[in-house]
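**Q** Below are the sequence and a predicted model for it; my questions follow.
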Amino acid sequence: MKKSIFLFMIFLLPAIAFSQEDDKDKLKVSINGFVKNDMFWDTRQTVSAREGHFLLFPKPISLDADGNDINEGLNFNFLSLQSRVSINIKGTKAFGADVSGKIEGDFFAQANDNINLFRLRHAYFKLKWNSSELLLGQYWIPMFITDCFPGTVSFNTGTPFQPFGRNPQIRFTKKLGPAKFIAIANSQRDYSSRGISGTTGTYLRNSAIPEVSGQLHLALGKPLLIGVSGSYKQVKPQTVTPQGYKTDEMIGGYNALAFLRVKTKAVTFKLQGVYGQNMPDVLSLGGIAISDTTDAAKGYVKYTTLNTASAWVDLQTNGNFSVGVFGGYSMNMGANDDIVGPMYGLGTNIESMYRVSPRISYKVNKVKFALEGEYTVANYGSTFSSKGVPETLTEADNFRVLFASYYFF
């Protein structure tokens, strides 16, 4: 805990220094964030991060010798690690553009072993001209559309139906009337691809090219926003075979999404559909698999992507008192080629899953209380088709009750 406080103070020192020089440098520095407490109960064990806080899906049915489901049973946790602080800086110019920046962190840490420690969420600066903007640094992944994402109380924000994560990137935005064009090149940081060596960003780094994305957002009048996005990612699953031979075999994958947001004074409606290949790095189902052995003596293989389709819808009332509901569905679409070797990914034994999450919240000044129920069902397979689609299905479900309290500053 002392280490966390020390790191937190280091994080604040730049803001203090800038504040003292505002008059000279004309910089404006503000600090904001919130204190959040999450209290939740589950009806079974879950696949999740940070002691159950970031829930993905329920664990499969696992029977003991007496036929009892080992993963069934009530459990709970209270956590405050989502509390965060942001330093926002603006007030200078460069290259004819207004310059602003943000550094933001929370206590979510990087793994269960260092839970409660301070970690980086966002760290970027922007150059903004009249109709264009250049962002450099760590920011939301391309598939997380900041103008259209679920309004859940849960920190998972609809994951794995909604792709999630933050990555270092270069992002250029150009506005032309009601249209906005965005080009992005990014590496991996928050979450990474999965493969032969586990979960690591080296698969993307060794491919020598970043993930590249393009988006079009179109504002059709004040209440309506629609958009599409597409990305290409190439990974090199290994640089040396188990037999000790150098290999340069790579596998590429595409993803695409379309979204719709309708916002009126009374309600906000959001809808999104996603198709993706090899998407565990954004906490969605899928991955890669070995599709062929080209030289057994040297260990040379070929790969294929595991593909996923998902969709979600979110509806909520606007105002200090709000009610809403989220619904999501995801389906394993299998691989493009027959699979002859291991599969590497997230939820590769899940054929499909769905979630329904009603919620209610009430905010007074800087204080907010929220209650959410989250019912998630995953269909696990014990056998697989030649394309890796799970078969012989067994259903596992979990119901989470989440109560959250916030104090904004």
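**A** That came through, no problem. Given the structure is predicted, the values throughout are model-derived calculations rather than measurements. Residues are numbered from 1 along each chain as shown.
**Q** C-alpha only now, for contacts and for neighbours.
**A** Will do.
**Q** Quick one: classify the residue nearest to the spatial centre of the chain as helix, strand or coil.
**A** Closest to where the C-alpha atoms of the chain average out (Cα atoms, centre = their mean) is F164, at 1.1 Å. Under DSSP: H, G, I helix; E, B strand; the rest coil, F164 falls in the coil class.
**Q** Backbone torsions only: list them for it.
**A** F164 adopts backbone torsions of phi -140, psi 140, taken as degrees, to the nearest 10.
**Q** Return the distance of the closest residue to it other than its chain neighbours relative to Q138.
**A** In this structure, F164 finds its nearest non-sequential neighbour in V282, 5.0 Å apart by Cα to Cα, 6 or more residues apart in numbering. For V282, the distance to Q138 equals 15 Å [Cα to Cα, to the nearest Å].
**Q** which stretches of the stretch 301-409 of the chain have low pLDDT?
**A** In the prediction, the stretch 301-409 of the chain carries no residues with pLDDT under 70.
**Q** In it, what residue spans correspond to strands?
**A** 321-335, 343-346, 350-364, 367-384, 390-408 (DSSP state E, counting those that start in this stretch).
**Q** Sheet partners, orientation included, of the second one?
**A** The reference is to strand 343-346. strand 286-295 (antiparallel) (DSSP bridges).
**Q** mind checking pLDDT for the residue nearest to T200 when sequence neighbours are not counted?
**A** Sequence neighbours aside, S192 is the residue nearest to T200 in space, at 5.2 Å (criterion: Cα to Cα, 6+ apart). Per-residue confidence at S192 stands at 96 (pLDDT).
**Q** which residues touch S192?
**A** Listed by Cα atoms under 8 Å, 6 or more residues apart in numbering, the contact set of S192 reads 199-201, 280-282.
**Q** and if we set it to 10 Å?
**A** Residues in contact with S192, defined by Cα atoms under 10 Å, 6 or more residues apart in numbering, are 165, 167, 198-204, 279-283.
**Q** Turn the residues you listed into CSV, columns for pLDDT, secondary structure and distance to K236.
**A** Output for the contacts of S192, formatted as CSV (pLDDT from 0 to 100; DSSP: H, G, I helix; E, B strand; the rest coil; distance: Cα to Cα, whole Å):
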residue, pLDDT, secondary structure, distance to K236
G165, 96, coil, 21
N167, 97, strand, 19
G198, 95, strand, 13
T199, 96, strand, 13
T200, 96, coil, 11
G201, 96, coil, 10
T202, 97, helix, 8
Y203, 98, helix, 5
L204, 98, helix, 7
M279, 98, coil, 15
P280, 97, helix, 15
D281, 97, helix, 14
V282, 97, helix, 18
L283, 97, coil, 19
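**Q** How many residues are close by the closest residue to N71 other than its chain neighbours?
**A** Closest residue to N71 apart from its sequence neighbours, by Cα to Cα, 6+ apart: Q45 at 5.2 Å. Neighbourhood size, Q45 [other Cα atoms under 10 Å]: 20.
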